[in-house]
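Participant: when you get a sec, could you give me coordinates for this:
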Amino acid sequence: MLITLEPTPALTPLIKRSLLLELQRLVHELLFVCESLVTILLLSLPLIVRLLFLMVLEE
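Facilitator: Model prediction:
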């Protein structure tokens, strides 16, 4: 037996608002993760360039 719950018109704005807040929080977390990855990559860029340079010199 399938039970479906349909929000009442009075609850719809609350549900939309909570979903919007959750979506906003998830986007914020995603931006933080991307920012952290970029920071790590930028900090390790000199090391990566040196390693690539050494690999090219060895060949």
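
Participant: just the helices in the protein please.
Facilitator: With DSSP state H, the ranges of helices along the chain come out as 12-58.

Participant: so where is it shaky, pLDDT-wise?
Facilitator: Filtered on pLDDT under 70, the chain yields the residue ranges 1-11.

Participant: ok, now how distant is the residue most central in space within it from Ile48?
Facilitator: For the chain, the residue sitting closest to the mean C-alpha position, by CA atoms, centre = their mean, is Leu30 at 2.0 Å. As judged by CB to CB, to the nearest Å, Leu30 and Ile48 stand 24 Å apart. Using the backbone N, CA and C atoms, a C-beta is placed for each residue, glycine as well.

Participant: before we move on, what about Leu26?
Facilitator: Leu26 sits 30 Å away from Ile48, taking CB to CB as the criterion.

Participant: ditto for Gln24
Facilitator: 34 Å.

Participant: go on, Pro13?
Facilitator: Applying CB to CB to Pro13 and Ile48 gives a distance of 50 Å.

Participant: now Phe32
Facilitator: 23 Å.

Participant: again, but for Ile15
Facilitator: From Ile15 to Ile48 the distance is 47 Å (CB to CB).
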